[in-house]
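Trainee: pasting the sequence and the predicted model now:
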Amino acid sequence: MELTVLRVDASRRADFFDLHSEKNGEGWCCCVAWWVPTWDGWGDRTREENRAFRESLFDRGEYDGYLLYRGAEPIGWCQAGPRDRLAKLAAQYGLDPDPGAFAITCFVIAPPWRRKGMARILLSKVAEDLARRGARRIEAFPRRGASAEGEMWTGPEALYHAEGFRCVREDPRRPVFAMDLSSAGARGGDSPDASARRAP
């Protein structure tokens, strides 16, 4: 079965919510954690509040990520886009504004496909597309010391090392990783609408 990586748009909203659903243990957050202005009260938010917020992001054109498909089934998600749009992220990490920096901030892989290399396939295709879109730098924010699957939603350090990211800011809990792109499209490869790789 063929794997493909596609940028989210209006036609893929239902697929986003199919992946971010209770059947995959992902029905609560809807990937709005970095969009809310503060962590205060984050744990008290309801599934309905988060879904409504995600719907509002889509409604205003914030299609901020990519879906990985196996055939027609969405099995993975990566949130990625211009870093400066996420004010809370920039404030938490003390990041200076940089219009050329894109941030990779979240991964979701459906449970049957975890530990099978799906996140690496997804990250590779996302990085290629961001380069084509004019990103000069891609930043990532793994949580150091995370052990449980639910704590690794920003992606494990090993994933970024494997794809050529380097640690640019050391921190005992929240380091910053980055990949500098010399020019748009430097990574080459197929478009995000093309085949990612055949499943084993």
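Mentor: Yep, that arrived. Numbering: from 1, shown residues only.
Trainee: next up, the contacts around the closest residue to residue 111 other than its chain neighbours.
Mentor: Spatial nearest neighbour of residue 111, excluding adjacent residues (CB to CB, 6 or more residues apart in numbering): residue 24 at 6.1 Å. Every residue, glycine included, has its C-beta placed from N, CA and C. By CB atoms under 8 Å, 6 or more residues apart in numbering, residue 24 lies in contact with 108, 110, 111.
Trainee: count of neighbours near the last one?
Mentor: So that's residue 111. Residue 111 has 12 neighbours, counted by other CB atoms under 10 Å.
Trainee: same question, the second one
Mentor: By other CB under 10 Å, the residues close to residue 110 number 21.
Trainee: my guess is residue 139 meets residue 177, correct?
Mentor: Yes. Residue 139 is within contact range of residue 177, at 6.9 Å (criterion: CB atoms under 8 Å).
Trainee: for residue 37, grab phi and psi.
Mentor: In terms of degrees, to the nearest 10, the main-chain angles of residue 37 are phi -70, psi -20.
Trainee: for it, which non-adjacent residue is closest in space?
Mentor: Using CB to CB, 6+ apart, the nearest residue to residue 37 is residue 88, at 6.2 Å.
Trainee: ok, residue 137 next?
Mentor: Residue 137 sits nearest to residue 101 (CB to CB, 6+ apart), 4.6 Å away.
Trainee: one step back: distance from the chain centre to the helix or strand the residue nearest to residue 37 falls within, please.
Mentor: Assigning secondary structure by DSSP states H and E places residue 88 in helix 87-93. Distance, stretch centre to chain centre, for helix 87-93: 16 Å (CA atoms, centre = their mean, to the nearest Å).
Trainee: before we move on, what about stretch 26-42?
Mentor: So, by CA atoms, centre = their mean, the centroid of stretch 26-42 is 14 Å from its chain's centroid.
Trainee: use 842 as the first number for this chain going forward.
Mentor: All set: I'll call the first residue 842, so the last point we hit is now stretch 867-883.
Trainee: how about it: buried residues?
Mentor: By 16 or more other CB atoms under 10 Å, the buried positions in stretch 867-883 come out as 867, 870, 871, 872, 873, 874, 875, 876.
Trainee: how about those in JSON lines, adding secondary structure and pLDDT?
Mentor: Output for these, formatted as JSON lines (DSSP: H, G, I helix; E, B strand; the rest coil; pLDDT from 0 to 100):
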{"residue": "867", "secondary structure": "coil", "pLDDT": "89"}
{"residue": "870", "secondary structure": "coil", "pLDDT": "95"}
{"residue": "871", "secondary structure": "coil", "pLDDT": "96"}
{"residue": "872", "secondary structure": "coil", "pLDDT": "96"}
{"residue": "873", "secondary structure": "coil", "pLDDT": "97"}
{"residue": "874", "secondary structure": "coil", "pLDDT": "95"}
{"residue": "875", "secondary structure": "coil", "pLDDT": "96"}
{"residue": "876", "secondary structure": "coil", "pLDDT": "97"}
